[in-house]
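Novice: coords please:
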Amino acid sequence: MNKLLIACLGTSLLMSTAALAKDDRLKFSIDNVLKSDKAKNVLYDVPLYFADQAHAKPERKLVGMTTSQKTNAFNKSDQEACEWAFLSAIKALQAKAQQEGMNAVVNITSNYKHDNFASTTEFECGSGNIIAGVALKADIAKLP
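Specialist: You can find the predicted model right below:
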């Protein structure tokens, strides 16, 4: 009888914890993050072009670069955690561009859980109780 009671209590605890788990998809302003002091201190000097923003015709281009960056969301607001994850993802794409001899990151779109979200004004972030994450897909290019 005690084993049955313990099993039932354990199952109830697991189910209630799962019910409290958070997995929100949020959207935040690209411009606000890129104009922040955090961005100025963290990002490289590699131009960024989101979704279908106009840019010069590339001399060379590598397509389909992806990055998925996560950050600890504990004791942070959703926005703060998502902005850090976004900056980490952008920095990873900029670093890849530099490594490949390119000078721009173009066609940047959100790709959280492989669902494409293209916007020139917003990025998408997955926010949980403990972790926040941003996945981006982009091309790296050599612009004239």
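
Novice: so S29 bridges to which residues?
Specialist: When assigned by DSSP bridges, S29 has beta-bridge partners E122.

Novice: Next: A132.
Specialist: Listed by DSSP bridges, the beta-bridge partners for A132 are T71, S127.

Novice: tell me the pLDDT at it?
Specialist: As summarised for this prediction, A132 has a pLDDT of 97.

Novice: Count residues in the vicinity of it, would you?
Specialist: 28 (other C-beta atoms under 10 Å). In short, each C-beta sits where N, CA and C put it, glycine included.

Novice: Return the set of buried residues in the longest helix belonging to the chain.
Specialist: Counting residues, the longest helix in the chain under DSSP state H turns out to be helix 78-99. By neighbour count on 16 or more other C-beta atoms under 10 Å, the buried set for helix 78-99 is 78-79, 81-94, 96-97.

Novice: got it, and stretch 122-139?
Specialist: 122-127, 132-139.

Novice: these two touch, right, K96 and I140?
Specialist: Yes: if you go by C-beta atoms under 8 Å, K96 and I140 touch, sitting 5.9 Å apart.

Novice: which residues are in contact with both of the two?
Specialist: Shared contacts of K96 and I140, defined by C-beta atoms under 8 Å, 6 or more residues apart in numbering, comprise M65.

Novice: Output the buried residues of stretch 122-139 in CSV; the columns should cover distance to N32.
Specialist: Below are those laid out as CSV (distance: C-beta to C-beta, whole Å):
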residue, distance to N32
E122, 10
F123, 10
E124, 15
C125, 13
G126, 19
S127, 17
A132, 16
G133, 19
V134, 15
A135, 20
L136, 17
K137, 21
A138, 20
D139, 24
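
Novice: on that earlier part again, how far is the longest helix of the chain from where the chain is centred?
Specialist: How far helix 78-99 lies from its chain's middle: 7 Å, per C-alpha atoms, centre = their mean, to the nearest Å.
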